[in-house]
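Undergrad: Pasting the sequence and the predicted coordinates here, then a few questions.
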2 protein chains.
Amino acid sequence: MTPDRLSATFAALADPTRRAILARLASGETSVTELAAPFDMSLPAVTKHLKVLERAGLIRRGREAQWRPCRLEARPLQDVSDWVEHYRLFWEQSLDRLDDYLKTLQSKEKKHGRKKK
Amino acid sequence: MTPDRLSATFAALADPTRRAILARLASGETSVTELAAPFDMSLPAVTKHLKVLERAGLIRRGREAQWRPCRLEARPLQDVSDWVEHYRLFWEQSLDRLDDYLKTLQSKEKKHGRKKK
């Protein structure tokens, strides 16, 4: 995978409507009309979002003339997961530091409590 | 976290240079000059990328007047990881289907091999 492929994936995901479309497709393939229904959006507007998702390889559209169902393609999401996984150590460390800080606060509170008695 | 926060994170990640900057910062905080060195890029160009990363909360810059070190902030990456995790089932299913297909191919090859003898 070239870096630009990952950039296209991230760019496609940088929109709440497109992420909502993926979430909808996660529960099964559907027509564009059905997809558009909950979004209070014109069909052309939804179609535009679908084109971005399709170019990024995040969805695939059927070839049936009348009904072109949209389907989720998860492969680019796996690449996102693989990429972000390299940084797991960092947020886990941040959580550890927060945990240490909270423990320090609690032990200070306990000492304070004892002094009050 | 509002959906737009996640959109800002994805938009910031949709650039290979910005992802390379994060990868560099994963090995420790550094100055802008040091960061710019491997990229064959002007300082203003690098600073522009840093501003995008900073607005998305992916980096933090020190307050020292002369040396403003950049540091990785992993929290938004954890949000990306949490978001993409919902789709794990889908790419794992795809891999299972690929695995089934390869097994079918192998068993066909074996049969073919036996016929040849």
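TA: That came in fine, so what should we check first?

Undergrad: which parts of chain A sit against chain B?
TA: Counting by Cβ under 8 Å from any Cβ of the partner chain, chain A comes close to chain B at A:3-4, A:6-8, A:10-11, A:13-16, A:19, A:22-23, A:26, A:72, A:74-75, A:77-78, A:80-81, A:83-88, A:90-91, A:93-94. C-beta: built from backbone N, CA, C; applies to glycine.

Undergrad: List buried residues within the residues you listed.
TA: Burial by neighbour count, judged by 16 or more other Cβ atoms under 10 Å in any protein chain shown, picks out A:6-8, A:10-11, A:13-15, A:19, A:22, A:72, A:74, A:77-78, A:80-81, A:83-84, A:87, A:90-91 from the residues of chain A next to chain B.

Undergrad: Give the closest residue to A:L25 in space, chain neighbours not counted.
TA: A:L72 (4.1 Å; Cβ to Cβ, 6 or more residues apart in numbering or on different chains).

Undergrad: Contacts only, for that neighbour.
TA: Counting by Cβ atoms under 8 Å, 6 or more residues apart in numbering or on different chains, A:L72 touches A:L22, A:L25, A:A26, A:E29, A:L58, A:I59, B:Y87, B:F90.

Undergrad: Tell me if A:R60 really is in a helix.
TA: No - looking at A:R60 with DSSP: H, G, I helix; E, B strand; the rest coil, it is strand, so not inside a helix.

Undergrad: I'd guessed it sits against A:R68; true?
TA: No - A:R60 is not in contact with A:R68 according to Cβ atoms under 8 Å; the separation is 10.1 Å.

Undergrad: Settle it for me: which of these two has more neighbours?
TA: Ranked by neighbour count (other Cβ atoms under 10 Å in any protein chain shown), A:R60 and A:R68 place A:R60 first, with 15 against 12.

Undergrad: Spit out the contact partners of the more buried one.
TA: A:R60 neighbours (Cβ under 8 Å, 6+ apart): A:E54, A:C70, A:R71, A:E73.

Undergrad: I'd like the distance between it and A:L77.
TA: Distance of A:R60 to A:L77, given as Cβ to Cβ, to the nearest Å: 13 Å.
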